[in-house]
Structure formats: structure tokens, C-alpha cells
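Novice: Sequence first, predicted coordinates after that:
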Amino acid sequence: MSRFFSRNFAALTPYTPGEQPQDKQYVKLNTNESPFPPSAKAQQAAAEAAASLQLYPDPTCRAIREKLAALYGLTADEVVVTNGSDEVLNFAFMAFCDNGAIFPDITYGFYRVFADLYRIPCEEIPLKADFSIDIADYKGRKETVFIANPNAPTGIPLTVAEIEEIVTSNPDRVVVVDEAYVDFGGESCASLVKKYDNLLVTGTFSKSRSMAGARLGFGFACPALIADLETLRYSTNPYNINRLTMAAGLGQLADEEETRRNCQAIMENREYTVAELKKIGFSVLPSAANFVFAANPHIGGKELYLRLKEKGILVRHFDKPRLKEYNRITIGSREQMEALLTAVKEILEDDFQ
Ligand code: PMP
């Protein structure tokens with residue numbers, strides 16, 4: 001830390017992104033990216049947009065907001081677009097947490113970082129023993145609620161009816177539902193934003209739409225909440241979506257069929273991987289996401305992570321008390337999953353010889 005760094009931030013522990021190693025080619029199953037490239041339309045649109053990079057992008061992001069609104073049955077004033085969904089979550093913590101924040105003790109690590117960044121008092125509510133959320137903990141609260149649905153790194157989803165119970169029991173607090181992984185078998189609450197003025201649903205192009213590298217996220221809410229988020233967007237970076245990303249995003253949305261096919265393939269690969277992992281003794285949480293959270297009684301989570309890395313396969317390990325026996329494994333292509341399963345079997349066999 002330099003002697004110039006503001007005291008406001010000196011004690012911050014920043015978010016640690018998953019490894020993005022540049023040294024060699026790994027089978028990368030550690031950051032929940034899609035194994036599929038963006039659609040040809042997205043790639044072509046981005047290439048064409050490159051010819052206009054001397055110009056600023058449209059700060060209103062109108063074209064993409066209208067397209068998202070049409071796809072989800074909303075109006076453009078119910079949509080904000082951001083630089084990854086991390087940015088809309090950042091704005092939500094800034095905007096709506098004067099009364100504190102609550103979220104599960106095991107969830108997306110960035111929530112805690114944002115809360116600390118803005119000095120928002122927060123309570124981390126323990127998940128149940130089976131790693132599921134007890135919705136009773138989130139009803140009738142004085143704080144702003146953040147829930148990833150499906151949750152991460154567990155992959156366990158809540159139903160729309162359960163989310164709706166949380167939303168209706170907190171009429172004077174915003175409930176933020178982070179749907180980064182909803183397209184892999186979860187149920188989206190997007191349509192509920194027409195019904196409730198205290199619900200913000202966030203989503204991303206990083207997972208189901210194969211655009212993690214472009215950084216494009218979105219938020220759905222009633223126009224008043226969206227206007228608050230826009231105030232923060234215009235107060236930080238009105239050009240948060242660059243021309244290449246905007247064009248690619250529009251191209252991707254023109255190919256929803258392909259997105260659906262890709263999600264279907266991931267879900268099939270997930271079911272296959274879960275069944276194979278269970279055959280070799282793993283316990284695997286019931287995931288509705290593009291990853292699974294799995295532990296094997298014969299090998300510690302960290303050791304398995306390290307041994308897989310030696311074999312060129314990256315998964316995500318969290319060195320925390322309730323999580324350390326597990327690894328979060330992104331569901332990729334069938335070939336990637338075969339490579340993972342072969343490596344895991346070799347590691348387990350080595351140990352038994
Ligand atoms: N929410 C959850 C639960 C996530 O795991 C992630 C990232 N991995 C995000 C939001 C943010 O993703 P992005 O900024 O790429 O949209």
C-alpha cells in the first residue's frame with residue numbers, strides 16, 4: 001500500500017477472481033465460462049463495430065435495452081445495462097443499502113466486498129446443513145436482501161414462489177435476485193418486476209450467452225429503481241458499455257435459439273458428470289447452474305484441486321471452513337468433462353495403490 005492510499009479503503013480485502021493462467025493451456029473449469037464461442041452474429045457485429053471505435057458508444061444503450069425488454073416481456077425503462085453484472089450489483093449496494101444488507105454466508109464472494117467497500121453493515125446468514133437457503137431467514141427483514149438464484153458455489157436454486165414470498169414479506173426493502181446462472185435449469189423472476197416495486201433482478205451475458213470476455217450485464221426492475229441505478233451509472237461511467245460489447249450483445253440476442261441449445265447441452269453434460277462423479281464416490285449438491293459443487297471422502301478438496309492442476313485441469317477451490325472439502329467444477333463440453341473424469345479417476349486410483 002502506498003502512503004497516499006485513502007484511509008477509507010486501507011482495510012479493504014478485494015475480491016479474488018478465479019485464476020486466469022497465461023502459462024499453459026488448461027482444461028478450464030474454474031470460472032463458469034461457457035465452452036461455446038459467442039454466436040457468429042455476435043462475432044460479426046463486433047468486428048463491424050470496430051470500424052467506428054473513434055466514436056463514443058450510445059450512453060443510453062437504447063438498442064440493447066429495447067431488445068432485452070422485448071425478450072423478457074418488459075419495457076426499456078425497466079432495464080439497465082452494465083459492465084458485467086458485477087457492475088449492477090455494485091450499483092445496488094451503493095443505491096439501496098442505507099439500512100444494511102443480508103446474504104447467505106456461502107454465496108458469491110463479491111457481495112461482502114461491496115458491503116465492505118461502502119461500509120454497509122451486513123449479516124451473513126448461515127445456509128442450512130444441506131447448503132440450502134432457509135427462506136424464513138429472509139422474511140420481514142430490516143436490511144436489503146441479496147440472493148443468488150441459483151446460489152453459488154452450491155448451484156442450489158429457490159423457486160419463483162419462494163423468491164416471491166421473500167419479496168412480499170419485505171415491502172419496504174429492496175430484494176436483489178442475482179440470476180447469473182438462471183438459464184441452466186432455474187426459474188427467472190424477471191416477470192415479477194412488473195408486480196413489485198422492491199425487486200431488482202440481475203443477469204449476465206457471461207455464462208449462458210458466452211460473452212464473459214465482453215463484460216455485459218443487466219438489471220430488471222420497476223422504472224423508479226432503474227432510474228436510481230441510472231443516476232449512479234451516469235455518476236461513474238456513462239459509457240460503461242463499449243461499442244464492441246454493445247454490438248456483440250445485440251448480435252447474441254439475435255440468436256436466442258443457439259443460446260438455448262448451448263444451455264441444453266450444458267445441462268445434459270451436467271447430468272452426465274454428476275452421475276459419473278457419484279459412481280466414484282463423490283457427493284454432489286443438486287445444481288441448477290453451469291457448475292457442480294462436489295466432494296469425495298477419499299481426498300481433501302485442496303489436494304484434489306492441486307492434483308488436477310498438475311494434470312492441466314483447473315477447478316475452483318475455496319479454502320473456507322464449510323467449503324474446503326469441496327471443489328466447484330464448471331460444466332464444459334463433453335470432451336472437457338471426459339478429461340476431468342479421467343483425471344479424477346487416475347488420481348483416486350493412484351491413492352489406492
Ligand atoms: N453473480 C454471480 C453469482 C457470479 O458468480 C458472478 C461471476 N462469476 C457474477 C454475478 C458476475 O458476473 P459478470 O460480472 O461476469 O456478469
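Specialist: Noted; the coordinates are in hand. Numbers count the residues shown, from 1 in each chain.
Novice: Helix, strand, or coil at residue 244?
Specialist: Assigned with DSSP: H, G, I helix; E, B strand; the rest coil, residue 244 falls in the helix class.
Novice: Surely it is in contact with residue 43?
Specialist: No - using C-beta atoms under 8 Å, residue 244 makes no contact with residue 43, being 10.5 Å away. In short, each C-beta sits where N, CA and C put it, glycine included.
Novice: Looking at these two now, which is surrounded by more residues?
Specialist: Neighbour comparison, residue 244 and residue 43: the larger count goes to residue 244, with 18 against 15 (by other C-beta atoms under 10 Å).
Novice: what about residue 168, which helix or strand?
Specialist: Following DSSP states H and E, one finds residue 168 within helix 160-169.
Novice: After that helix, which helix or strand is next? Please name it.
Specialist: Remark: after helix 160-169, the chain's next helix or strand is strand 175-178, criterion DSSP H and E.
Novice: can you pull the buried residues of the helix or strand following that next one?
Specialist: Using DSSP H and E, the helix or strand that follows strand 175-178 in sequence is strand 199-204. Burial within strand 199-204, assessed by neighbour count using 16 or more other C-beta atoms under 10 Å, is assigned to 199, 200, 201, 202, 203, 204.
Novice: Repeat that for stretch 179-199.
Specialist: Going by neighbour count (16+ other C-beta under 10 Å), the buried part of stretch 179-199 is 179-190, 192-193, 196, 198-199.
Novice: What is the helix holding residue 168 packed up against?
Specialist: Here helix 160-169 touches strand 144-148, strand 175-178, going by 3 or more C-beta pairs under 8 Å, 6 or more residues apart in numbering; DSSP states H and E.
Novice: 6 Å instead?
Specialist: strand 175-178 (3 or more C-beta pairs under 6 Å, 6 or more residues apart in numbering; DSSP states H and E).
Novice: Which other helices and strands does the strand it packs on contact?
Specialist: Contacts defined by 3+ C-beta pairs under 6 Å, 6+ apart place strand 175-178 against strand 144-148, helix 160-169, strand 199-204.
Novice: Whether it contacts the ligand - can you check?
Specialist: Yes - against the ligand, strand 175-178 shows contacts by C-beta under 6 Å from any ligand atom at residue 178.
Novice: Tell me how far that strand lies from the chain's centre.
Specialist: In terms of C-alpha atoms, centre = their mean, to the nearest Å, the centre of strand 175-178 is found 12 Å from the chain centre.
Novice: who does that strand pair up with?
Specialist: Here strand 175-178 is paired, per DSSP bridges, with strand 144-148 (parallel), strand 199-204 (parallel).
Novice: Can you say which of those strands is nearest to residue 300?
Specialist: strand 144-148 (26.0 Å; C-beta to C-beta).
Novice: Only alpha carbons, please: show the closest one as PDB.
Specialist: Coordinates of each C-alpha in strand 144-148 appear next as PDB, following Å, rounded to 0.1, in the frame of the first residue of the first chain:
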ATOM      1  CA  THR A 144     -31.700  -5.200   1.900                       C
ATOM      2  CA  VAL A 145     -31.700  -8.800   0.700                       C
ATOM      3  CA  PHE A 146     -29.200 -10.200  -1.800                       C
ATOM      4  CA  ILE A 147     -29.800 -13.700  -3.100                       C
ATOM      5  CA  ALA A 148     -28.000 -15.500  -5.900                       C
END
